[in-house]
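S.K.: requesting a structural model of the entry that follows:
(4 chains)
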There are 2 protein chains.
Amino acid sequence: MSEVTDSMPRRTGKRERLVDSATALVYRQGIERTTLAQVAADADVPLGNVYYYFKSRDELLRAVVDARLDEIRGFLSELDSVASPQARLRALAQNWTTVADDVVMYGCPIGSLTVELNKHLGGARDCGPLLLREVVDWAARQFRELGYADAEVQAESLIARIQGVALLASAFHDRSLLEREFSSIERGIRAPAKNAR
Amino acid sequence: MSEVTDSMPRRTGKRERLVDSATALVYRQGIERTTLAQVAADADVPLGNVYYYFKSRDELLRAVVDARLDEIRGFLSELDSVASPQARLRALAQNWTTVADDVVMYGCPIGSLTVELNKHLGGARDCGPLLLREVVDWAARQFRELGYADAEVQAESLIARIQGVALLASAFHDRSLLEREFSSIERGIRAPAKNAR
DNA sequence: GTCTATATAGCGATAGAC
DNA sequence: GTCTATCGCTATATAGAC
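M.R.: Got it, this is the predicted structure:
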């Protein structure tokens, strides 16, 4: 992510619009079904102009992953202002229910992109693990603070469960499944029992 | 799935080879990256001949989903011969660890296909829920027999956890995560506590 | 039934005027 | 920096000989 300086061209917002459109289209349609023509049209930018901002389709895809990464980091750093690690973890889980309609329709924005990147053959494939890694590492820090000796394991287990629930809820388009399981997930976030500490 | 009868053309195996090749390629590369030329070459069938067996690419994709469905049904009916419902559920979970290398590399064959079908726009999109539905319904029958009043909920929770673990293990290409979490999953399959019955 | 050759369309990417 | 026009390729799908 480059900063805007005086030596750079004036901020037109076109690059940002392209990334936003691409992010939304990739979320709804998947990576391979999303064409540059669709992205350009949605962002209201002429097709040929896309290549002024990105030298290839794959580079635009990397920008999409970067945008998701920024989104995740921003959200997690907001959560850091919540008082207790338990409340922070519960607030994290609650986030999937606040976008329940999208999750039920298109799956988890992070999880489904991760699955697709894992089958992608271009250069953006390497970015695949980064998204969930960010979330797992943050959750591990919370579990550590909560008193768990196996904080990384707890974090992977929690995020796995969240991802699995999002997958099933979207596969079945079942919002009540999502709400019920996330209630259970949030209830399960507790300080460790003494023998597990 | 049509049966072979005397009035039908002799079984050449070409259709079966095409479906097998398509299934494997879709698993490794994803739906949209897999071309008819690749499938035809892998199955050693001339490209133009594909259209004798399938009237469109989307129909071939439906055949891939049907093949996965048959695979699932066959496996689950094998499991039905296992003695106890608890052992049957554990044997189900264990299946993901027996194909651990594939899961770590390409994800769960059922889950990743389900995610992709959910973003697919063709006619095969409707087949998306069928795969996991089969597994969840089977698991619910086992939980019912085990004595759970909320067998469907238990089944959805179990399959969600399995899918989430497969997703994380493939995202991080982490075999030990997969083995550790599936140990935990198998240990967690038990008869209900009295107050939950 | 089988296979070659090809039609047709849409994609990523580029050239070059402004 | 911006945009139009278009190139070259590859994909699905078809036509028609055998």
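
S.K.: so what touches the host helix or strand of A:Arg62?
M.R.: Under the criterion of DSSP states H and E, A:Arg62 resides in helix A:57-79. By C-beta atoms under 8 Å, 6 or more residues apart in numbering or on different chains, the list of residues contacting helix A:57-79 from outside reads A:1, A:18-20, A:22-23, A:26, A:31, A:36, A:39, A:50, A:53-54, A:88, A:91-92, A:95, A:109-110, A:113, A:117, A:120, A:122-124, A:127, A:130-131, A:134-135, A:138. (C-beta placed from N, C-alpha, C; glycine too.)

S.K.: count of neighbours near A:Gln29?
M.R.: Using other C-beta atoms under 10 Å in any protein chain shown, the number of residues around A:Gln29 comes to 17.

S.K.: without its sequence neighbours, what residue ends up closest to it?
M.R.: Nearest residue to A:Gln29 in three dimensions, chain neighbours excluded: B:Lys119, at 5.7 Å (C-beta to C-beta, 6 or more residues apart in numbering or on different chains).

S.K.: settle this for me: that neighbour is touching A:Arg33, isn't it.
M.R.: Yes. Using C-beta atoms under 8 Å, B:Lys119 makes contact with A:Arg33 at a distance of 6.8 Å.

S.K.: which of these two has more residues huddled nearby?
M.R.: B:Lys119 (25 against 17).

S.K.: distance check, that one against B:Asp44.
M.R.: Relative to B:Asp44, B:Lys119 is positioned 31 Å away (C-beta to C-beta, to the nearest Å).

S.K.: quick one on the thing from earlier: does any part of the helix holding A:Arg62 sit near DNA strand D?
M.R.: No. Helix A:57-79 lies out of reach of DNA strand D by C-beta under 7 Å from any atom of the strand, never closer than 11.7 Å.

S.K.: just the buried residues of that helix, please?
M.R.: A:57, A:60-69, A:72, A:76, A:79 (16 or more other C-beta atoms under 10 Å in any protein chain shown).

S.K.: just give the closest residue to the residue of chain A found nearest chain B, not the sequence neighbours.
M.R.: Nearest to chain B, among the residues of chain A, is A:Gly164, at 2.7 Å (C-beta to the nearest C-beta). Counting by C-beta to C-beta, 6+ apart, A:Gly164 lies nearest to B:Gly164, which is 2.7 Å off, once chain neighbours are set aside.

S.K.: need the next SSE after the helix or strand harbouring that neighbour, C-terminal direction.
M.R.: Following DSSP H and E, the helix or strand that holds B:Gly164 is helix B:151-172. Using DSSP H and E, the helix or strand that follows helix B:151-172 in sequence is helix B:175-187.

S.K.: how about that following helix, does it reach chain A?
M.R.: Yes. Helix B:175-187 lies within reach of chain A by C-beta under 8 Å from any C-beta of the partner chain, at B:Leu177, B:Arg180, B:Glu181, B:Ser184.

S.K.: distance to DNA strand D added to the residues you listed, as CSV?
M.R.: Converted to CSV, these look like this (distance: C-beta to the nearest atom of the strand, whole Å):
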residue, distance to DNA strand D
B:Leu177, 34
B:Arg180, 39
B:Glu181, 36
B:Ser184, 41
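
S.K.: show me what the helix or strand hosting A:Arg144 is packed against.
M.R.: Taking DSSP H and E as the definition, one finds A:Arg144 inside helix A:128-146. For helix A:128-146, the elements it packs on are helix A:57-79, helix A:85-98, helix A:109-119, helix A:151-172, helix B:151-172, judged by 3 or more C-beta pairs under 8 Å, 6 or more residues apart in numbering or on different chains; DSSP states H and E.

S.K.: I'd like the ones you listed as CSV, with distance to DNA strand C and mean pLDDT appended.
M.R.: Conversion of those to CSV gives the following (distance: least, C-beta to the nearest atom of the strand, whole Å; pLDDT from 0 to 100):
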stretch, distance to DNA strand C, mean pLDDT
helix A:57-79, 3, 98
helix A:85-98, 30, 98
helix A:109-119, 14, 98
helix A:151-172, 24, 99
helix B:151-172, 24, 99
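
S.K.: contacting residues for the most centrally placed residue in chain A?
M.R.: When C-alpha atoms, centre = their mean is applied to chain A, the residue found nearest the centroid is A:Ile110 (3.3 Å). Shown in contact with A:Ile110 (C-beta under 8 Å, 6+ apart): A:Arg68, A:Ile72, A:Leu131, A:Leu132, A:Val135, A:Gln163.
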